[in-house]
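Novice: Sequence and predicted structure below; questions after.
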Amino acid sequence: MTTFSIAEIAKRLGARAEGDLAFRVSSVQEPAKATADQLALAMEPMYAAKLMAGNAKAAVVWDGADWKSMGLRAAVFTPRSRYFLSGVTRMFEHAPDIEPGIHPSAIIDPSARIGKNASIGPFVLISTNAIIGDNARIASHCSIGRDVIIGHNALIYQGTHIGARVIIGNDFCAQQGVAVGVDGFSYVTPKLGAVEEAKTTGQVTSFSQTDGFARINSLGSVSLGDRVELGANSVLDRGTIANTTIGSGTKLDNLVHVAHNVTVGENCLLCGQVGVAGSSVIGDRVVLGGQVGVADHITIGNDVIAAGKSGISSNVPSGRIIMGSPAMKMNLNIESYKALRRLPRLVAKVARLEKMVSKPPQTD
């Protein structure tokens, strides 16, 4: 079991520590549940009582904490708790169970090139002319299509499927069940279809009825920058002609769907169940909360934040915070919601006024 001293933790994470710096811990734990050999994470004053209720001898605490009075032998101080949490969880990470080397059951085409220090699990398929960078870790039952290029330090979990001609940068991470480079959902009717008629005339007639749909095949692929992470069961469609692209540093949560021809910028966060329809363009540092839907052919500027369940059906300028469906400026949406809640009282008031006005005049 790997253990770390308090001094090692503080040095690696750039934090300040006091007390017995040689004291070693084997893992991290919640304050009330921590044992004597675990590092308790009590990074806010609200956790003080729970910390004293547990058995921890070392803890991560807030600046100014009286750690000695809480029975600790050592303390690590952090001014920004969640950022520290990112570092300490990396130190104590449970590495995926992928044995070094190439498993005998893996099928690797002779033309494929595998980098140094690769770990490739059981039943992995790597196709013609694929290039896998150094230090790749690919878990079982993954498939890598022909002419795929993956950079260094990739971590690809079980059941991931990467289609032909996909290009991926360094430090890529794909959780279980990811699909990159699937065919786009793109169909056309021989004559003007119902959706097109509805858009232009506001109605649907027998003129636009069709007996079927013709597929528009996706000839492009998908291109991902460096440090891209894809959550479990997320799906990225190929572009129709050019590639669907995801910028460096962007992270997708579980069950995110990015459709064909979409461009997503750098350092974006797309949270769970986000759906981005075809040919939309998303700028840099955009945050889309859970279940946000983006209509097709929409442009979203840089530094936009969309609250969960927002429905984006028109272009959004840079720097805007939006919410609601249809999405609008956050302050406008809040005012609209307040007005909607007042609507029953307003209707009742109008009804009373109507009743008063409709009464016949009193005569002596």
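Specialist: Now that the structure is in, tell me what you want to look at.
Novice: The residue lying closest to N302 once chain neighbours are set aside: what's it in contact with?
Specialist: Nearest non-adjacent residue to N302, counting by C-beta to C-beta, 6 or more residues apart in numbering: G283, 3.8 Å away. C-betas here are computed from N, CA, C, even on glycine. G283 makes contacts with G265, I300, G301, N302, D303, V304, S318, as judged by C-beta atoms under 8 Å, 6 or more residues apart in numbering.
Novice: Go through the protein and flag its longest helix.
Specialist: Criterion DSSP state H: the longest helix present in the chain is helix 330-358.
Novice: can you pick the most crowded of the contacts of G283?
Specialist: When neighbours are counted by other C-beta atoms under 10 Å, I300 leads those with 26 neighbours.
Novice: isn't that one right next to V286, touching?
Specialist: Yes: using C-beta atoms under 8 Å, I300 makes contact with V286 at a distance of 5.9 Å.
Novice: Please list all residues in contact with A42.
Specialist: By C-beta under 8 Å, 6+ apart, the contact list for A42 reads P31, A48, K50, L51, A56, A59, V60, V61, W62, A65.
Novice: Now the lowest-mean-pLDDT helix or strand in the chain - C-alpha only, CSV.
Specialist: Here the helix or strand of the chain ranked lowest by mean pLDDT, DSSP states H and E is helix 194-201, holding a mean of 84. Extracted in CSV, the C-alpha atoms of helix 194-201 (Å, rounded to 0.1, in the frame of the first residue of the first chain):
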residue,chain,number,x,y,z
ALA,A,194,-42.6,18.4,-43.4
VAL,A,195,-40.1,20.2,-41.2
GLU,A,196,-39.0,22.5,-44.1
GLU,A,197,-42.7,23.3,-44.9
ALA,A,198,-43.4,24.0,-41.2
LYS,A,199,-40.5,26.4,-41.0
THR,A,200,-41.5,28.3,-44.1
THR,A,201,-45.3,28.3,-43.9
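Novice: Quick one: name whatever helix or strand follows that helix.
Specialist: Remark: after helix 194-201, the chain's next helix or strand is strand 214-215, criterion DSSP states H and E.
Novice: What pairs with that next one, parallel or antiparallel?
Specialist: strand 187-188 (antiparallel) (DSSP bridges).
Novice: How far away from the center of its chain is the partner strand?
Specialist: 30 Å (C-alpha atoms, centre = their mean, to the nearest Å).
Novice: Please apply the same query to stretch 290-305.
Specialist: 14 Å.
Novice: Over to stretch 237-248?
Specialist: 17 Å.
Novice: Within its local environment, how many residues does C173 see?
Specialist: C173 has 17 neighbours, counted by other C-beta under 10 Å.
Novice: Sorry, wrong one. I was asking about A34.
Specialist: Neighbour count of A34, defined by other C-beta under 10 Å: 25.
Novice: what does Q158 give?
Specialist: 21.
Novice: mind checking how far it is from A42?
Specialist: Here the criterion is C-beta to C-beta, to the nearest Å. By it, Q158 lies 35 Å from A42.
Novice: How about I298?
Specialist: I298 sits 44 Å away from A42, going by C-beta to C-beta.
Novice: same deal with P96?
Specialist: From P96 to A42 the distance is 29 Å (C-beta to C-beta).
Novice: swap in N55?
Specialist: As judged by C-beta to C-beta, N55 and A42 stand 13 Å apart.
Novice: now do E229
Specialist: To A42, E229 is 28 Å away according to C-beta to C-beta.
Novice: Can you tell me what sits against the helix or strand containing L85?
Specialist: Using DSSP H and E, L85 sits within helix 81-91. Contact with helix 81-91 is made by 4, 9, 12-13, 15, 28, 39, 41, 43-44, 60, 62, 78, as judged by C-beta under 8 Å, 6+ apart.
Novice: if you set the cut-off to 6 Å instead, what comes out?
Specialist: Here helix 81-91 makes contact (C-beta atoms under 6 Å, 6 or more residues apart in numbering) with L13, M43, T78.
Novice: Would you format those residues as TSV with neighbour count included?
Specialist: Listed next are the contacts of helix 81-91 as TSV, based on neighbours: other C-beta atoms under 10 Å:
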residue	neighbour count
L13	18
M43	24
T78	22
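Novice: which of the residues you listed lies closest to A164?
Specialist: Using C-beta to C-beta, L13 comes nearest to A164 of the contacts of helix 81-91, at 41.4 Å.
Novice: for the closest one, phi and psi?
Specialist: The phi/psi pair for L13 (degrees, to the nearest 10) reads phi -100, psi 0.
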